[in-house]
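Colleague: sharing a model prediction with you, sequence too.
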Amino acid sequence: QVQLVESGGGLVQAGGSLSVSCAASGFIFSDHPMHWFRRTPGKEREFVAAISRIGISTYADSVKGRFTIDRDNAKNTLYLQMNSLKPEDTAVYYCATMSSGRLLTISRRADDLDYWGQGTQVTVSS
């Protein structure tokens, strides 16, 4: 049974930093690209960042240079370090991946991903 459990969200002032994590289980973590998406009320899930099986990362333009995605395959854990946070970064952050039956490559489309965590709230005050 695949499980993705996010943690580490919270409240931070604009300009501050926050790190969120995603503990994975139930699949071979090192075989899967991993993704971070976010959602604000009334909006679709938005791609934030992704990291390939071998550690190649890609970012949404809105977070490039401020956020860093990383993974620890030994700990089956995905990370997102968020610096220089802005009020518009306020959202619920989700980690996600696709099932083994799909092509195991990074995707910016939420519809390509099958497994999602419950999300963790990040709130940036102005």
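Modeller: Everything's here; your move.

Colleague: which residues of the protein fall in strands?
Modeller: Applying DSSP state E to the chain gives strands spanning 3-7, 10-13, 18-25, 34-39, 46-51, 57-59, 67-72, 77-82, 91-97, 115-116, 120-125.

Colleague: what pLDDT is listed against Pro41?
Modeller: pLDDT recorded at Pro41 is 87.

Colleague: what's the closest non-adjacent residue to the residue nearest the centre of the chain?
Modeller: The centroid of the chain falls nearest to Trp36 when counting by C-alpha atoms, centre = their mean (1.9 Å). Nearest residue to Trp36 in three dimensions, chain neighbours excluded: Val48, at 4.2 Å (C-beta to C-beta, 6 or more residues apart in numbering). Placement of C-beta: from N, CA and C, glycine included.

Colleague: neighbours of the one you found, just the number please.
Modeller: The tally of other residues near Val48 (other C-beta atoms under 10 Å) stands at 23.

Colleague: quick check, it in contact with Tyr93.
Modeller: Yes. Counting by C-beta atoms under 8 Å, Tyr93 is a contact partner of Val48 at 7.1 Å.
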